[in-house]
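> Give me the fold of what follows.
(one chain, ligands or ions: 1)
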Amino acid sequence: MRLIIREDPTAVGEYIGNYICKRINDFAPTPERPFVLGLPTGSSPIPTYKHLIKLVKEGKLSFKNVVTFNMDEYVGLPRDHPESYHTFMFRELFSHIDIPPAQVNILNGNVKNLIGECKAYEAKIKAMGGIELFLGGIGEDGHIAFNEPGSSLASRTRIKTLAYDTILANARFFNNDIAAVPRMALTVGVATVLDSREVVVVVTGQRKALALSQAIEHGVNHLWTLSALQLHPWGLIVVDEDATAELHVKTVKYFKSIERVQDEVEAMHAKLQAEGVEDDQVGSMD
Ligand SMILES: N[C@@H]1[C@@H](O)[C@H](O)[C@@H](COP(=O)(O)O)O[C@@H]1O
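Take a look at the predicted model:
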């Protein structure tokens, strides 16, 4: 796992936006072989989305051959509700870039058969050849997507009851009316995220500092579901200075030293991929 530290959320968004841009351009997607990208909602990815929009407008990036799968969606919230994740994604990203809407996949929390919806989502990801890069955010309790504390680390896309902490945290989007926050969501599982070839997680702000430290300085456990990223060979967390507040100085120093050799390792990864060597033969980047 790698940890990249930047000054503030804007710099984090620029780093991740450029990173995703490079990955998509290196992949050279075509209609027959699209780049499959997993995406999150929340306030943390907004600077990344702003930067991706800028790159598209500058002609440096295209989403024409990108297929997206969102992490989660509330159950029972109308699709056109201002706080549905469907509305969020079109407002913050999809309406401003060149992605064909048919290539956008977002779980539907309003169907009768919610379990069927989740199974079909997993099947569609599989049919697309799996997710190339999953971008994620975390909650203050360390949840990734809506995999609340206590979620199985082997979980797949399913219905999830939201933790009270998450309902409280998300009330800010519902005029601070706790009763208005949906109680349930559909979410990809921890294993769905870990199945991706690469996982990039954005963590900004001091309120996420404890979760970050629990996820990277302690063992893998189901109470801080981001900690499962330790099991992934190609995990990257990009944070701002505020989010490092609970980390040990030696942890910060260690990851900063890794960043220094990052470019060399990425060049090696690209070379081996070009030669057709599988990732698991390459090993992790740290
Ligand atoms: N389901 C989403 C998560 O995917 C997201 O990571 C989290 C953090 O949101 P924010 O970035 O606004 O703190 O919010 C919700 O719980």
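> So for stretch 242-253, first residue to last residue, what's the gap.
Separation of the first and last residues of stretch 242-253 by CA to CA, to the nearest Å is 15 Å.
> residue ranges of the helices in the stretch 101-250 of the chain, please?
Counting by DSSP state H, counting those that start in this stretch, the stretch 101-250 of the chain forms helices over residues 114-127, 164-170, 190-194, 209-217, 249-274, given from the N-terminal end onward.
> and among these, the most buried is which?
Each of those was given a mean neighbour count from mean count of other CB atoms under 10 Å, and the largest, a mean of 22, is that of helix 190-194. All C-beta spots, glycine's among them, are computed from the backbone N, C-alpha and C.
> is it anywhere near the ligand?
No - remark: helix 190-194 sits outside contact range of the ligand, by CB under 6 Å from any ligand atom, the gap being at least 10.4 Å.
> what residues does that helix touch?
By CB atoms under 8 Å, 6 or more residues apart in numbering, the list of residues contacting helix 190-194 from outside reads 38, 71, 122, 125, 134, 136, 144-145, 147, 151-157, 199, 225, 228-229, 231-232.
> Surely P9 and P47 touch.
Yes - using CB atoms under 8 Å, P9 and P47 qualify as a contacting pair, with a distance of 5.0 Å.
> How about the residues of the stretch 151-286 of the chain by the ligand?
Counting by CB under 6 Å from any ligand atom, the positions of the stretch 151-286 of the chain adjacent to the ligand are T166.
> Considering only helices and strands, which part of this structure has the lowest mean pLDDT?
Of the helices and strands making up the chain, the lowest-confidence element is helix 279-282, at a mean of 53, by mean pLDDT, DSSP states H and E.
> re the thing from before, distance to N108 for the helices of the stretch 101-250 of the chain - can I get that in TSV?
Listed next are the helices of the stretch 101-250 of the chain as TSV, based on distance: least, CB to CB, whole Å:
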stretch	distance to N108
helix 114-127	6
helix 164-170	19
helix 190-194	17
helix 209-217	29
helix 249-274	35
